[in-house]
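Enquirer: I need the structure of the sequence given here:
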Amino acid sequence: QVRLVESGGGLVQAGDSLRLSCVASLLNFRRYYMAWFRQAPGKERERVAHIMWSGSGTVDADPVKGRFTISRDNARNTVYLQMNRLKAEDTAVYYCAAGSELNAYNFWGQGTQVTVSS
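Expert: Numbering: from 1, shown residues only. The predicted model follows:
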């Protein structure tokens, strides 16, 4: 059974940093695209960043460019999202996802809440 388990969310103040982690129980983890999505109340889910098997990561969401970084450790089946200079508008549930294609994610975690107070 495939499981993606996120951790690292919480309540922080604007300007703080957080690092989210996602451990995936995937065979051949390194073959998967990994991504972080987020969904704020009343808003559509958006892809925040994605990373290829090689470790080449891309931040997709314009509001977080220059503040967030995605990385992965294939030896630990783990993907990270480093979030710096957090803003109130970053408040959302953050989800980890894995897919065999860049725009097709087959497996999802349960989400971790990030709340940024201003």
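
Enquirer: so who does the spatially most central residue of the chain touch?
Expert: Most central residue of the chain, judged by C-alpha distance to the mean C-alpha position with CA atoms, centre = their mean, is W36 at 2.7 Å. Remark: with contacts taken as CB atoms under 8 Å, 6 or more residues apart in numbering, W36 is in contact with 20, 22, 47-50, 70, 79, 81, 94-97. Every residue, glycine included, has its C-beta placed from N, CA and C.

Enquirer: do G99 as well
Expert: Counting by CB under 8 Å, 6+ apart, G99 touches Y32, Y33, A35, Y105, N106, F107.

Enquirer: which ones among these map onto strands?
Expert: Using DSSP state E, Y33, A35, F107 are the members of these that sit in strands.

Enquirer: any chance of TSV for those, columns neighbour count?
Expert: Formatted as TSV, the ones in strands among the contacts of G99 follow (neighbours: other CB atoms under 10 Å):
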residue	neighbour count
Y33	19
A35	26
F107	17
